[in-house]
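Trainee: Give me coordinates for this.
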Amino acid sequence: MSDSLWVFGYGSLMWRPGFAYEICKQALLKGYHRSLCVFSHVHRGTPKTPGLVLGLDEGGQCNGIAYRVSAENRDKTLEYLRKREQVTNIYLERQVEIWPVGEDSSVTATTYIVDKTHRQYTGKLTTGEQLRYIRQGNGQSGKSTDYVLSAASHLEEIGVEDIELNALARLLKGRP
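Mentor: Model (predicted):
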């Protein structure tokens, strides 16, 4: 039987994992940062009116949530994640080293990193461009605005400050 599985979530997996897990705790990933760098063509937008969602982009570090999945649920969880995260192949499934809070050492986790060669990769957008795509996006999983507000809210709940995301959330709520 295979080993248990660690999954690292940095976007909607933080508040809506959609799979059974044994342990859920904060974790740190080095070498990548959370960024609104993905045009959403399915979950939070369409190809004609894309929304924006988070991706892991190169550089920096990212605080997120680590889930440990039992060995018996490993294959089912990977199948679910691939169906959810790979709908347009904007993300690359990778094994990364993360540092879960309270663990004595790092663990290897599955996560999804943005493919910078994919047509849905936005690169660096201005705040105005981000707001335009966020406000227009509405897809199978809801509005891009709700996604960004949920991400900012969840990060605040777990004590993680994301300056860019918080600033966008304030602007979406009509606050400077």
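Trainee: and E93, what element?
Mentor: strand 91-100 (DSSP states H and E).
Trainee: What lies in contact with that strand?
Mentor: The contact list for strand 91-100 (CB atoms under 8 Å, 6 or more residues apart in numbering) reads 6, 8, 25-32, 55, 66, 81-82, 85-86, 106-115. Yep, even glycine has a C-beta here, placed from its N, CA and C like the rest.
Trainee: before we move on, what about stretch 123-137?
Mentor: Here stretch 123-137 has contacts from 36-37, 39-40, 44-45, 49-52, 116, 122, 143-145, 147-148, 167-168, 171-172, using CB under 8 Å, 6+ apart.
Trainee: rerun at 7 Å
Mentor: Defining contact as CB atoms under 7 Å, 6 or more residues apart in numbering, one finds that stretch 123-137 is touched by 36-37, 39-40, 44-45, 49-52, 143-145, 148, 168, 171-172.
Trainee: Which among those count as buried?
Mentor: 36-37, 39-40, 44-45, 50-52, 143-145, 148, 168, 171-172 (16 or more other CB atoms under 10 Å).
Trainee: Just those: which are in strands?
Mentor: Per DSSP state E, strands hold the following members of those: 36-37, 39-40, 51-52, 143.
Trainee: Now compare the residues you listed and name the two farthest from each other.
Mentor: Largest separation among these by CB to CB: C37 and K143, giving 18.6 Å.
Trainee: I158 is in contact with C24, isn't it?
Mentor: No. Taking CB atoms under 7 Å as the definition, I158 is not a contact partner of C24, at 10.4 Å.
Trainee: returning to what we had before: redo the ones in strands among the buried ones among the contacts of stretch 123-137 as a markdown table? Include pLDDT and distance to E93.
Mentor: A markdown table is the format used below for those (pLDDT from 0 to 100; distance: CB to CB, whole Å):
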| residue | pLDDT | distance to E93 |
| --- | --- | --- |
| L36 | 96 | 21 |
| C37 | 97 | 17 |
| F39 | 98 | 19 |
| S40 | 97 | 18 |
| G51 | 97 | 22 |
| L52 | 97 | 21 |
| K143 | 97 | 27 |
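Trainee: Which of these lies at the shortest distance from R74?
Mentor: S40 (27.8 Å).
Trainee: for that closest one, what are its contacts?
Mentor: Contacts of S40 were listed using CB under 7 Å, 6+ apart, and they are 50-53, 137, 139, 144.
Trainee: thinking again about what came up before, which ones among the contacts of strand 91-100 lie within helices?
Mentor: 81-82, 85 (DSSP state H).
Trainee: Could I have the buried ones of those residues as ChimeraX selection syntax?
Mentor: Buried subset of the ones in helices among the contacts of strand 91-100, written as a ChimeraX selection, criterion 16+ other CB under 10 Å:
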select :81,85
